[in-house]
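**Q** Have a look at this prediction, sequence included:
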Amino acid sequence: MTILHSQHCLLVLNLDISNFYKILTVGFLEGIRILLVFYFFSESFVGHWLRATKVKKGDFMYLVTNRKLLTGKKGLELFGKDPSEKGPMELRLVKVTRKQGQWTCKVEGDELPKSEVIKLKNKYGLSINEKENWHASLKIACEIFARAVKEKKSILFFVHGYNNDVKDVLTTAQQIEKAHNVIVVPFTWPANGGGAVSGTLSYKSDKSDARASEGALDRFIGKIQFFHHLLVEGGKAEAMKKAHDKFPDNPVAAQSMYSRLIAKKCQTGVSLLCHSMGNYVFKKTLGSSGSSSAKLVFDNICLVAADTNNSAHSVWVDKLDVRKRVYIVINENDYALKASRIKPGDEQKARLGHFLKGLNSETAYYIDVTKAKLVGSDHSYFVGGALNNKKIKWIFSKMFKGETVEERLNFDASRNLYQL
C-alpha cells in the first residue's frame, strides 16, 4: 500500500488483499476509516470530481463603463476611479477575461469592416444600412444575444452600488451568473472602492459620481433597447423565412412553425438589477422627459437594497415601463443602508431598501426579506450565504430571468408588500 501525505489529506492507493488484512489488524474502526479515505480519494473518484469542477479556460465577461481608462495600465488597473476625461457620459465597452487567476482587458470600440457588418446583417437578419459606420457594440450585442438563445439563458444588466472597484463588480457579477444561471453584463461607474476607512467623504464622493453618471447609464439603456429591438426583429424575419421555406404552399403549417420558433427565441429574458447606490444612479436617469430608462426595455427591473430615499419614491418608480414587473426588495436590518443613513448627517432620509413604510407605488411589487432565514443584516442577499435559503435563491433566480415570483409569496395588504 502506498500512502501519500499532503497538507490537507491522506491518500491511500494501490490497495490489495494482503494490505487489506494488515489494515484490519490495526483495529476495525481504523480499518474502516482508511477504507473510506481510499474510496473518496481513489483515482476514479478524484478524476470524476476534477472533471465536474473544472474551471473553464479563459472565462470572460463584457462590461460597459464611463470610468476613465488609464493608458498603459494592464489588467484591472486599466479602470480609473474618475469619470472619463471625455466626459461622464462617455461609454466604453471592455472584454475582461480571467485565466489562471489573472485578468486581461481588451477595450472594444473599433469600427467594423464593411464585410463584417454585411456578415452580421445576413446572419441575424438585421435591418441595418451596411454603408453606415458600425462599431464593435453591434458585433458584441449579436454575440451576447446569440449565446443567450443557444444556452437558453436570460440576460441581466447589473448596476452596482457604492464603494465598488471593478474587481468587486466582476466578482459579484460572476457570483450572480453561477448562482442564478444568467448572463450578466455590468455597467460600472466610478465608485471609489476605498474600503470602510473612507467613511463619509468616500460616500459623498461616490454620490457625486453617481449623479454625474446618470447620462452614461441612460445612454447605455438606450443602446440596450436599440440592439434588443434590432435583434428581435431580425429573429422574427429569420423565423418567418425559415417557416415559409419549409412550407411554401401551406400557410397554416408555416404559421405554426413560425410561432414555435418565436416562442423559442422569446425564452431569453432581458432584465435589470440595480443594487444599493446603483438605484440612485438609475433614479437620476429618469429626470428628463426623453429618458431611455422610462421606455419599455426590460422584462423585470429589480431594485434591490436601494440606497435612495423612501420618501416620494413612487414619483420616479411609477414612470418605469416593463413587460413583467418592477420589484423592490427590502431588508429592514440591512447594515449598509443603516450606515448610509447616518453617515452624512440629517439630510439622509430613510432608505427605500430598508424601510417598510410608505410603500405606495401603483406599479411596483414590494418584497420584504427581513425575516427570511440567513438574510440577517446582509446587504447583498442575492449572492453569498443567503442563497442557502432555497426560497431566497428561487426568488432571485426567477426575478433575474424575467419571471414573476409573487404568486408563491404571502401578501400583507395592510402594508402593500409580499413576504416569504
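**A** That came through fine. Nothing here was measured: the structure is a model prediction, and the numbers come from that model.
**Q** separation between residue 283 and residue 210?
**A** 9 Å (C-beta to C-beta, to the nearest Å). (Each C-beta comes from the backbone N, C-alpha and C, glycine too.)
**Q** between those two, who's got more neighbours?
**A** The residue with more neighbours, out of residue 283 and residue 210, is residue 210; 26 against 23, by other C-beta atoms under 10 Å.
**Q** residues touching the more buried one, list them.
**A** By C-beta atoms under 8 Å, 6 or more residues apart in numbering, the contact set of residue 210 is 162, 189, 191, 277, 280-281, 284.
**Q** how does the chain divide into domains?
**A** 2-52, 61-419 (automatic domain parsing).
**Q** Of these, which shows the lowest average pLDDT?
**A** With a mean of 38, domain 2-52 has the lowest mean pLDDT of the domains of the chain.
**Q** and the longest helix along the chain, what does it pack onto?
**A** When the chain is parsed with DSSP state H, its longest helix is helix 214-246. Packing partners of helix 214-246 (3 or more C-beta pairs under 8 Å, 6 or more residues apart in numbering; DSSP states H and E): helix 114-124, helix 136-151, strand 155-159, strand 183-188, helix 251-265, strand 270-275, helix 278-285.
**Q** need the ones you listed in a markdown table with distance to residue 401, can you?
**A** Shown next, in a markdown table, are those (distance: least, C-beta to C-beta, whole Å):
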| stretch | distance to residue 401 |
| --- | --- |
| helix 114-124 | 23 |
| helix 136-151 | 11 |
| strand 155-159 | 8 |
| strand 183-188 | 11 |
| helix 251-265 | 15 |
| strand 270-275 | 7 |
| helix 278-285 | 19 |
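**Q** so which of these gets nearest residue 322?
**A** Residue 322 lies closest, by C-beta to C-beta, to one member of the helices and strands packed on helix 214-246: strand 270-275, at 8.6 Å.
**Q** residues making contact with the closest one?
**A** 154-161, 176, 221, 224, 228, 281-282, 297-306, 380, 382, 399-402.
**Q** repeat that for 7 Å
**A** 154-161, 228, 282, 298-305, 380, 400, 402 (C-beta atoms under 7 Å, 6 or more residues apart in numbering).
**Q** one step back: could you single out the most deeply buried of the domains of the chain?
**A** Comparing the domains of the chain by mean neighbour count (mean count of other C-beta atoms under 10 Å), domain 61-419 comes out on top with a mean of 18.
**Q** Just the terminal-to-terminal distance for that domain.
**A** Distance across domain 61-419, first residue to last, is 34 Å (C-alpha to C-alpha, to the nearest Å).
**Q** what do you get for stretch 382-396?
**A** Start-to-end, stretch 382-396 (C-alpha to C-alpha) is 6 Å.
**Q** now the residue positioned nearest the centre of the chain, which residues is it bridged with?
**A** The centre of the chain sits closest to residue 184, judged by C-alpha atoms, centre = their mean, with a distance of 3.7 Å. Note on residue 184: beta-bridge partners by DSSP bridges are residue 156.
**Q** how near is it to residue 230?
**A** In terms of C-beta to C-beta, residue 184 sits 21 Å off from residue 230.
**Q** now residue 182
**A** Separation of residue 182 from residue 230 (C-beta to C-beta) stands at 21 Å.
**Q** in the stretch 301-420 of the chain, which spans are helices?
**A** Assigned helices in the stretch 301-420 of the chain, in chain order: 313-317, 335-342, 390-400 (criterion: DSSP state H, counting those that start in this stretch).
**Q** So for residue 72, which of the ones you listed sits nearest?
**A** helix 335-342 (34.9 Å).
**Q** got the contact list for the closest one?
**A** 203, 276, 305, 307, 348, 350-351, 353-354, 377, 379.
**Q** how far out from the middle of the chain is that helix?
**A** 24 Å (C-alpha atoms, centre = their mean, to the nearest Å).
**Q** just the CA coordinates of it, formatted as CSV?
**A** The C-alpha trace of helix 335-342 is given here as CSV (Å, rounded to 0.1, in the frame of the first residue of the first chain):
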residue,chain,number,x,y,z
TYR,A,335,-26.4,47.1,7.9
ALA,A,336,-25.1,49.1,4.9
LEU,A,337,-28.3,51.2,4.5
LYS,A,338,-28.5,51.9,8.1
ALA,A,339,-24.9,53.2,7.9
SER,A,340,-25.6,55.2,4.8
ARG,A,341,-28.5,57.0,6.5
ILE,A,342,-26.4,58.3,9.4
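**Q** May I have stretch 84-95 exported as CSV, CA atoms only?
**A** C-alpha atoms of stretch 84-95 as CSV (Å, rounded to 0.1, in the frame of the first residue of the first chain):
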residue,chain,number,x,y,z
SER,A,84,-13.8,59.5,-18.4
GLU,A,85,-11.7,62.5,-19.4
LYS,A,86,-14.0,62.9,-22.4
GLY,A,87,-16.9,63.5,-20.0
PRO,A,88,-19.0,61.4,-17.7
MET,A,89,-21.4,60.4,-20.5
GLU,A,90,-18.6,58.6,-22.4
LEU,A,91,-19.2,54.9,-22.7
ARG,A,92,-16.6,52.3,-23.3
LEU,A,93,-17.1,48.5,-23.8
VAL,A,94,-14.4,46.2,-22.4
LYS,A,95,-14.0,42.5,-22.6
